[in-house]
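Participant: One predicted model, sequence on top.
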Amino acid sequence: MYNVAVLMSTYNGSKYLREQIDSILRQEDANIHLFIRDDGSRDDTTRIIDEYINGNDSIHLILGENIGVGRSFMQLVYDTPNDYDYYAFSDQDDIWLPTKVKKAIACLKDKKVALYCSNQTLIDRSGEIISTRHDSEPSLTWEQAVCNNRLSGCTMVWTKCFQKIVSENNRRPSNELLENRIHDVWFSAVAGLIGNIYFDQESFILYRQHENNVVGVKKTNVVKQWGDKVRNKKLRNGRSKLCKELYTNFEDLIADNKIKERLKLYAYYNQNAKMKLNMIRDRELEKYSADSLIGLKLKILIDLF
């Protein structure tokens, strides 16, 4: 039986937390070790976790200051020992089906991939099924992760080898980046560049949608996004900042020179007019972006990519 470290970040999650923890502890054919970092909750979240810890040495709680969801999850990646067989992210308000981890491990072994992701069954706050998130397999490329990530952290399971790589000091994303692009974007992009990703069209998670979601399936207000970026410099160039850190941190592990050059273009496109023109002419970008073609080219033109 494999030892699996489940990494959960909590923040004011008392309403649904028991249901989620119970579902994690009921996983079949796995020794579950639950590592929880609380991101400064002000409700009963930590009290509930303490109830589970009492007499259970497989649950570990780290109390921290509020640093945001992306940094909190990545801190768990760094703080969790690298000697578990497999690792997984967990949100605080979902429900895992009993075979979630078992199926993920089988795919990771069989497909020889670094990262497993799956579909999700969307439920409302009462647990009623709304729909399935993905009708077909999303793109698993690093370009998709950079432009418009489609893979959810709460479905991710990965290998010990991948864990060792992403937790190395010289490969960690900056805190500034994690305020703009959170943990699941980073994992998707890194795995797309240096490893392989397997997407399971089946769903093994009931993915709860409610008014207090920290992250989730949300409708995008394009006008608001543009306005926020114009007003706040920290929100600009999220994609190119991500590519710069990917290029700096993982250049030595990218075997394909064409991929390396493409990543470099995305990272440094605004250094000169020639590179910017090459970006505007890049037809591949259209496949991955949620922006219209005009909107995408405009973002490149005015340095918002």
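Facilitator: Perfect, thanks for sending it.

Participant: Report all helices and strands that whichever strand or helix holds Gly295 contacts.
Facilitator: For Gly295, the enclosing helix or strand under DSSP states H and E is helix 293-301. Applying 3 or more CB pairs under 8 Å, 6 or more residues apart in numbering; DSSP states H and E, one finds that helix 293-301 makes contact with helix 273-281, helix 284-288. Backbone N, C-alpha and C define where each C-beta goes, glycine included.

Participant: any idea of the angle it forms with helix 273-281?
Facilitator: 160 degrees (axes from the mean of the first three to the mean of the last three CA atoms, to 10 degrees).

Participant: And the contacts of helix 293-301?
Facilitator: In this structure, residues lying in contact with helix 293-301 by CB atoms under 8 Å, 6 or more residues apart in numbering are Val222, Tyr269, Lys276, Met279, Ile280, Leu285, Glu286, Ser289, Asp291, Leu304, Phe305.

Participant: quick revisit: just the helices and strands packed on helix 293-301: most buried one?
Facilitator: helix 284-288 (a mean of 15; mean count of other CB atoms under 10 Å).

Participant: chain center to it: distance?
Facilitator: Helix 284-288 has its C-alpha centroid displaced from the chain centroid by 21 Å (CA atoms, centre = their mean, to the nearest Å).

Participant: Same question for stretch 137-148.
Facilitator: Per CA atoms, centre = their mean, the displacement of stretch 137-148 from the mean C-alpha position of its chain is 12 Å.

Participant: what about it, average pLDDT?
Facilitator: Per-residue pLDDT values over stretch 137-148 give a mean of 97.

Participant: ok, residues contacting that stretch?
Facilitator: Counting by CB under 8 Å, 6+ apart, the neighbours of stretch 137-148 from elsewhere in the structure are 150-151, 185, 188-190, 192-193, 197, 199, 201, 239, 242-243, 246, 259, 262-263, 266, 284-285, 287-290.

Participant: re the thing from before, pLDDT check: weakest of the contacts of helix 293-301?
Facilitator: Summarising pLDDT for those: the lowest-scoring member is Val222, with 53.

Participant: For this protein, name the helix or strand with the lowest mean pLDDT.
Facilitator: When the helices and strands of the chain are compared on mean pLDDT, DSSP states H and E, helix 222-231 comes out lowest with a mean of 58.

Participant: following that helix, which helix or strand comes up?
Facilitator: Scanning forward in sequence from helix 222-231, with DSSP H and E defining helices and strands, the next element found is helix 238-250.

Participant: Going by neighbour count, list what's buried in that next one.
Facilitator: Neighbour-count burial for helix 238-250, with 16 or more other CB atoms under 10 Å as criterion, is recorded at Gly238, Arg239, Ser240, Lys241, Leu242, Cys243, Lys244, Glu245, Leu246, Tyr247, Asn249, Phe250.

Participant: As CSV, could you dump the C-alpha coordinates of that helix?
Facilitator: What follows is helix 238-250 as a C-alpha-only set of coordinates in CSV (Å, rounded to 0.1, in the frame of the first residue of the first chain):
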residue,chain,number,x,y,z
GLY,A,238,1.2,37.7,-15.7
ARG,A,239,1.8,35.3,-18.6
SER,A,240,5.2,36.7,-19.5
LYS,A,241,6.3,36.8,-15.9
LEU,A,242,5.3,33.2,-15.5
CYS,A,243,7.3,32.3,-18.6
LYS,A,244,10.4,34.2,-17.4
GLU,A,245,10.4,32.2,-14.2
LEU,A,246,9.8,28.9,-16.0
TYR,A,247,12.6,29.7,-18.4
THR,A,248,15.0,30.7,-15.6
ASN,A,249,14.2,27.8,-13.3
PHE,A,250,13.8,24.9,-15.7
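
Participant: So what touches the helix or strand just after that helix?
Facilitator: Past helix 238-250, heading to the C-terminal end, the next element that is a helix or strand (DSSP H and E) is helix 257-268. The contact list for helix 257-268 (CB under 8 Å, 6+ apart) reads 142-143, 146, 193, 239-240, 243-244, 246-247, 251, 254, 275, 278-279, 282, 305.

Participant: Low-confidence stretches in the chain?
Facilitator: Across the chain, residues meeting the criterion (pLDDT under 70) sit at 211-235.

Participant: In it, which residue is most central in space?
Facilitator: Nearest to the mean C-alpha position of the chain, counting by CA atoms, centre = their mean, stands Asp184 at 0.9 Å.
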